[in-house]
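Chemist: Sharing a sequence plus its predicted fold:
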Amino acid sequence: SQQGEEDPQALSIQEGENATMNCSYKTSINNLQWYRQNSGRGLVHLILIRSNEREKHSGRLRVTLDTSKKSSSLLITASRAADTASYFCATDATSGYALNFGKGTSLLVTP
Amino acid sequence: EPEVTQTPSHQVTQMGQEVILRCVPISNHLYFYWYRQILGQKVEFLVSFYNNEISEKSEIFDDQFSVERPDGSNFTLKIRSTKLEDSAMYFCASSLLAGSVFGPGTRLTVL
């Protein structure tokens, strides 16, 4: 399968620090996306990076993509307690844009 | 901002009963999806729907499952005879192309 797999599984940092999460996948992709999920809630789309892009920014988020290594990273700068959530990478490789999700990184940001 | 809505937010049913989960995708989106997330596990793709037909489905989406777009706005997932292992959060999503927007989910509990 071509699931994204994130690491670390869990990350605990203090407010103001940066959080970096990594994702690896197995097969060629069209796009890679990062989603956030608060406990028991829905998935919020954070950012999409296309296979021909290497880096993308959105506010405090920075995503990189290395297709040669089949990996991506999500950096959250100057973290806040409200960033506490699970973060998932998801890849799509088909024309139908169906997503394969990783198991997620659980981020805890303490004040 | 447009959003995907799902009803009900929580459904409790007896094993063997039929359930219908409802979704209203974003109006100008072309692709519609159902995903599920068993408690503590990753989000799994079930099915995608485009141009009034299933475009892709996973191994999970067996004969017990069906989808329908009965009118111009609703998108439904039917489980014919629920099993205990169908208990999960079910997420509807829609997209114009890549970049799916997810609904808040329906928590299905099968007793």
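Modeler: In hand now; what should we look at? Residues are numbered from 1 along each chain as shown, chains lettered A, B, ... in the order given.
Chemist: For B:Leu46, the count of nearby residues, please.
Modeler: By other CB atoms under 10 Å in any protein chain shown, the residues close to B:Leu46 number 21. C-betas here are computed from N, CA, C, even on glycine.
Chemist: how much space is there between it and chain A?
Modeler: Taking CB to the nearest CB, to the nearest Å as the measure, B:Leu46 falls 9 Å from chain A.
Chemist: and that residue, that's in a helix?
Modeler: No - looking at B:Leu46 with DSSP: H, G, I helix; E, B strand; the rest coil, it is strand, so not inside a helix.
Chemist: pLDDT below threshold where in chain B?
Modeler: For chain B, no stretch has pLDDT under 70.
Chemist: can you list the residues of it near chain A?
Modeler: Within chain B, the positions near chain A by CB under 8 Å from any CB of the partner chain are B:31, B:33, B:35, B:41-45, B:48, B:50, B:55-56, B:58, B:91, B:93, B:95, B:97-105.
Chemist: Please pick the buried ones from the residues you listed.
Modeler: B:31, B:33, B:35, B:42-45, B:48, B:50, B:55-56, B:58, B:91, B:93, B:95, B:100-105 (16 or more other CB atoms under 10 Å in any protein chain shown).
Chemist: tell me which parts of chain A are close to chain B?
Modeler: Residues of chain A found near chain B (CB under 8 Å from any CB) are A:3, A:30-31, A:33, A:35, A:41-45, A:48, A:50, A:88, A:90, A:92, A:94-104.
Chemist: and the gap between A:Glu17 and A:Leu107?
Modeler: 11 Å (CB to CB, to the nearest Å).
Chemist: now A:Ala10
Modeler: In this structure, A:Ala10 and A:Leu107 are 8 Å apart, going by CB to CB.
Chemist: Who has more neighbours out of the two?
Modeler: A:Leu107 (21 against 11).
Chemist: so who does that one touch?
Modeler: Residues in contact with A:Leu107 (CB atoms under 8 Å, 6 or more residues apart in numbering or on different chains) are A:10-13, A:19, A:21, A:76, A:79, A:83-87.
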